[in-house]
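Enquirer: Using only what follows, build the 3D model:
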Amino acid sequence: MKMKTALLIVNPCDEEEDNMAMLCCHSDQGEMFLMSRYPDEDELEITLDGEPSTLDGVKVTLSPSLLKIEIAAADADALNGDDVLEITFDADMTDLAEVEETLQNILKGTGTYISEL
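Expert: So this is what the prediction gives:
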């Protein structure tokens, strides 16, 4: 599955939401993707177009203009039948350091983060 967005919206630690880390974007076609995790949870949550799924073992690769999210084939229903979601974004409109910190917080202890920055 592929999405294109101008901007990745991130918050590494939302104090108003019990220190939840979250990454969100809206595609050019109006699709919404949200990945979040509370610091005391063992799994992260992925929401695609309003349908939440709780997952573990997620692998995320961040490069300068691509965010690649890989999930287990058994969890493919979380991504509308796909086990990979590639989100292309405008690096000039995105704070990559904050995206990286957010992804590290979301995936710590429950997934794999790979930086290609």
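
Enquirer: separation between the residue nearest the centre of the chain and residue 87?
Expert: For the chain, residue 35 is the residue whose C-alpha lies nearest the centre (CA atoms, centre = their mean; 4.2 Å). Remark: distance between residue 35 and residue 87 (CB to CB, to the nearest Å) = 10 Å. Every residue, glycine included, has its C-beta placed from N, CA and C.

Enquirer: where do the contact lists of those two overlap?
Expert: residue 69 (CB atoms under 8 Å, 6 or more residues apart in numbering).

Enquirer: for the helix or strand bottoming out on mean pLDDT in the chain, which positions count as buried?
Expert: Ranked by mean pLDDT, DSSP states H and E, the helix or strand of the chain with the weakest confidence is strand 51-55, at a mean of 94. Residues 53, 55 are the ones in strand 51-55 that count as buried (16 or more other CB atoms under 10 Å).

Enquirer: Now do the residue in the chain sticking out farthest from the centre, the pLDDT please.
Expert: Most distant from the centre of the chain: residue 16, at 19.7 Å, with distances by CA atoms, centre = their mean. Reported pLDDT at residue 16 in the predicted model: 94.

Enquirer: And residue 10, by the same measure?
Expert: 97.

Enquirer: Help me confirm that it comes into contact with residue 22.
Expert: Yes. Counting by CB atoms under 8 Å, residue 10 touches residue 22, with 7.0 Å between them.

Enquirer: Which neighbours do these two have in common?
Expert: With CB under 8 Å, 6+ apart, residue 10 and residue 22 have common neighbours residue 102.

Enquirer: now the strands for this structure?
Expert: Secondary structure of the chain (DSSP state E): strands at 2-4, 9-14, 20-26, 32-37, 44-48, 51-55, 58-63, 66-70, 84-88, 111-115.

Enquirer: Residue 34 touches residue 47, doesn't it?
Expert: Yes. The criterion here is CB under 8 Å, and residue 34 meets it with residue 47 at 4.2 Å.

Enquirer: End to end on stretch 12-24, go ahead and measure it.
Expert: 12 Å (CA to CA, to the nearest Å).

Enquirer: shared neighbours of residue 34 and residue 47, anything?
Expert: If you check residue 34 and residue 47 against CB under 8 Å, 6+ apart, no residue is contacted by both.

Enquirer: Alright, I will stop here.
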